[in-house]
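Enquirer: Build the 3D model from these lines:
(2 chains)
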Amino acid sequence: MTHKTVRLGGLSRVEGEAALLVRAHDGRITDLQLNIYEPPRFFEALLRGRSYDEPPDITARICGICPVAYQMSACQAIEAACGVDVSGPLRDLRLLLYYGEWIESHTLHVFLLHAPDFLGYDSGMAMAVHHRDHMERALALKKAGNELVATLGGRAIHPVNVRLGGFYRVPRRQELAPLAEQLRRAREHAITTAAWVAGFDFPDVQHDYRFLALRHPDEYAILSGTPTVSEGSTFPVQQWPAHVVEEQVPYSTAVHARLDGAGGYLVGALARYAINFDRLSPLARAVARDAGLEDVCRNPFQSIVVRAVEIVHACDEALRVIDAYTEPDTPAVPVEPVAGTGHGASEAPRGTLYHRYRIDENGLIADADIVPPTAQNQARIEMDLHELIAPRLDLPQAELARLCERAVRNHDPCISCSAHFLDLNIDAR
Amino acid sequence: MSAAEKSRPKLAVWKFASCDGCQLTLLDCEDELLPLASTVEIAYFLEASSAIGPGPYDLSLVEGSITTPQDAERIRHVRRVSRRLVTIGACATAGGIQALRDFADVREFAAVVYARPDYIATLERSKPISAHVPVDFELRGCPIDKRQLLEVITAFLAGRRPVVPGHSVCVECKARGNICVLVAHGTPCLGPVTQAGCGALCPAFNRGCYGCFGPTETPNTRALNAQLRRLGMSDPDLVRVYRTFNATEEPFLQASEEAEGDA
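Expert: Numbering: from 1, shown residues only, chains lettered A, B, ... in the order given. As a prediction, this is how the structure comes out:
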């Protein structure tokens, strides 16, 4: 063997458009690129001059799969600039909305995008022919998540009910009762799902990951927390720009996010799980143990199990919030514009999502910075691929290509989110 | 492959510059997805399936706007392999939020976002699909409505026109029994000039409509603008409120230019 090239045209079962190129020569990888050909949409540029209260609605349109994550990071960044802290029942409702998005987004990935890899199908629809029971469970779970988002937010995609300071309208207690009923069934489905996916056949791979996730004193951080690195260091979210730097690397046109000077760190389900295992609900922890997971999981193929555990946690916590819910006195606390800069971060289903806004003296956005999870993971995904296939270059071409595509899918990359922020290679096709 | 399998109509889903939300709407049809998948052959749907069935396709759903030279080529290919082509969502029908570049200098936009803007191949405008190829039907919304999507697919499978009303959100508000937020609360609302389809969601949540389904058939934006000004909106506020997800739709464009002219 001398030359070998793996070229994957449009990666399927990922959100957005990307391609992969691997070149090897004499058993050594000479070139490996995850190429993004998703067209740029220039959000950070078009936000300038918009009113300070518009980013939650505008940035939701970055991603149809995790709009709530964008709304929550945006709200918190702007509220921080304006000196407002949203707490109590309004914060609880935000948590509830976010759990709904986690349930629907994770369910989409686990069943429709990821599981077909393990069972040898091209799609969830094809898988449904022989695994009808699993797919019906998937759709019930997904529906529970979507209905939670729709009840609180008005609709499942690009919810209309989120605003700075809280909501336009808050639900009555009795409106949440049918959701609780549905979530109790969903929680059972999620437990069954974790046991099911734990039985899949996982390639024997371990990566020496450096993880970054938010950590919260009381919660398995989703809505807010302190950025925390797996070796124990933390920094306040206001110092994000000093720690996470996007740099142009000399050997290519690539811009990679570097964390404290080093590239290739990981955000997302594996990172959250490793950093916050002790904050999972007792039930979710027990499900993780039953699924054979340790406190830290370094096999990216097993991220499907971790996501299933996170669905259990989200259902469990959503039920806790509904149970404790008291209707707030007002649907939103007032947020008046204050000139200055605010930072906000939350845990999108795919990992830490950071927003920064500078507001001018007229209450308009002077500049904006958005760092989505997949932009942070791109370098690490390339490292995963490198480590995975370097010892397997003698596999048949088709098998190698399939393995590469699976390795990308492991991290649930959301390319629609990240197009504006990732390496962009226009020659990809 | 059985005979029945062969005779099923082929559905394809294509993506251009967009957020994925409108094609996700198809996967969000939890109760209808499996029956749909047995009625049509989902022959091309990259987000959901690795299987790529050969064209031509009986029905293509197209999400996203055209913003790059490559995509301007690709949409011509999609048109060629599609018997019927339906655009879904504000990006595909109106250029989407990324059409705000149309009011600015796209090179300057690229320089704000990228360290090496010279590597970015992009068009100066974000255009709807219909600006590049003939389109059989446009389904509006940011995002589209699930029930309307199912109606469109059903109609095309049955060979009839989809029943998608062109009247304003106000009609839906009345049907839903919403209290008018504009009249009763003095909340600025684009409902009178915005096409129905969402189910009057925002007013149902005590919020003014923000126009994500684009202009209705015969919008009177001049009258609405006068009312919005009385409610305290400034001209720059009016410009912004029309320039969101359907900014280049003619009635919204005119309304924003009218406000801009007065500013």
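Enquirer: Let me know how buried A:Pro178 is, in neighbour terms.
Expert: In terms of burial, A:Pro178 registers 11 neighbours under the definition other C-beta atoms under 10 Å in any protein chain shown. All C-beta atoms are positioned from the backbone trio N, CA, C, and that covers glycine.
Enquirer: and the closest residue to chain B within the stretch 51-200 of chain A, what element?
Expert: When you check the stretch 51-200 of chain A against chain B by C-beta to the nearest C-beta, the closest residue turns out to be A:Gly64, at 2.0 Å. Element membership for A:Gly64 (DSSP states H and E) is empty, with no helix or strand holding it.
Enquirer: Verify the stated contact: it with A:Ala156.
Expert: No: taking C-beta atoms under 8 Å as the contact criterion, A:Gly64 and A:Ala156 are not neighbours in contact, 9.5 Å apart.
Enquirer: in the stretch 151-263 of chain B, which ranges drop under the pLDDT threshold?
Expert: Judged by pLDDT under 70, the stretch 151-263 of chain B has its weakly predicted residues at B:262-263.
Enquirer: Where do the strands of it begin and end?
Expert: If DSSP state E, counting those that start in this stretch is used as the criterion, the stretch 151-263 of chain B turns out to lack strands entirely.
Enquirer: With the stretch 301-429 of chain A instead?
Expert: Secondary structure of the stretch 301-429 of chain A, counting by DSSP E, counting those that start in this stretch: strands at A:340-348, A:351-359, A:365-371.
Enquirer: For chain B, find the nearest of these.
Expert: Judging the strands of the stretch 301-429 of chain A by C-beta to the nearest C-beta, what sits closest to chain B is strand A:365-371, at 8.0 Å.
Enquirer: Most tightly packed of the strands of the stretch 301-429 of chain A?
Expert: Across those, the average number of neighbours (mean count of other C-beta atoms under 10 Å in any protein chain shown) peaks for strand A:351-359, which reaches a mean of 25.
Enquirer: how about that strand, does it reach chain B?
Expert: No: residues of strand A:351-359 are not located near chain B by C-beta under 8 Å from any C-beta of the partner chain, the shortest gap being 13.0 Å.
Enquirer: What average pLDDT does that strand get?
Expert: Mean pLDDT, taken over the full extent of strand A:351-359, equals 97.
Enquirer: What strands line up against it, and which way round?
Expert: strand A:340-348 (antiparallel), strand A:365-371 (antiparallel) (DSSP bridges).
Enquirer: Now the weakest link among those, please, by mean pLDDT.
Expert: Averaged per stretch, pLDDT over these is lowest on strand A:365-371, reaching a mean of 95.
Enquirer: Give me the domain ranges for chain B.
Expert: Segmentation of chain B into domains, based on automatic domain parsing, reads B:3-158, B:169-262.
Enquirer: A:Arg7 and chain B: what is the separation?
Expert: 15 Å (C-beta to the nearest C-beta, to the nearest Å).
Enquirer: Report the beta-bridge partners for that residue.
Expert: On DSSP bridges, the residues paired with A:Arg7 through beta bridges are A:Leu21.
Enquirer: mind checking how far it is from B:Asn178?
Expert: A:Arg7 sits 54 Å away from B:Asn178, taking C-beta to C-beta, to the nearest Å as the criterion.
Enquirer: Please apply the same query to B:Gly191.
Expert: 9 Å.
Enquirer: again, but for A:Lys142
Expert: A:Lys142 is 29 Å from B:Asn178, by C-beta to C-beta.
Enquirer: Looking at these two, which one has more neighbours?
Expert: When A:Lys142 is set against B:Asn178 and neighbours are counted by other C-beta under 10 Å, the residue ahead is A:Lys142, at 26 against 21.
Enquirer: Contacts only, for the more buried one.
Expert: Counting by C-beta atoms under 8 Å, 6 or more residues apart in numbering or on different chains, A:Lys142 makes contact with A:103-104, A:107-108, A:111, B:28, B:30.
Enquirer: Recalculate using a threshold of 7 Å.
Expert: Taking C-beta atoms under 7 Å, 6 or more residues apart in numbering or on different chains as the definition of contact, the neighbours of A:Lys142 are A:104, A:107-108, B:30.
Enquirer: tell me the pLDDT at it?
Expert: We have a pLDDT of 97 for A:Lys142.
Enquirer: The residue lying closest to it once chain neighbours are set aside: neighbour count?
Expert: Leaving aside its chain neighbours, A:Lys142 sits nearest to A:Thr107 (4.3 Å; criterion: C-beta to C-beta, 6 or more residues apart in numbering or on different chains). Using other C-beta under 10 Å as the criterion, A:Thr107 is surrounded by 29 other residues.
Enquirer: Which helix or strand contains A:Thr107?
Expert: With elements delineated by DSSP H and E, A:Thr107 resides in helix A:88-107, which encompasses its position.
Enquirer: The helix or strand that comes right after that helix - what's its average pLDDT?
Expert: Toward the C-terminal end, the helix or strand that comes next after helix A:88-107 (DSSP H and E) is helix A:115-119. Mean pLDDT, computed over helix A:115-119, is 95.
Enquirer: What lies in contact with helix A:115-119?
Expert: Everything outside helix A:115-119 that qualifies as a contact, by C-beta under 7 Å, 6+ apart, is A:122-124, A:127, A:197, A:200-201, A:304, A:406, A:409.
Enquirer: Using ChimeraX, define a selection of the buried residues within these.
Expert: The buried subset of these, as determined by 16 or more other C-beta atoms under 10 Å in any protein chain shown, is captured in ChimeraX by this line:
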select /A:122,123,124,127,197,304,406,409
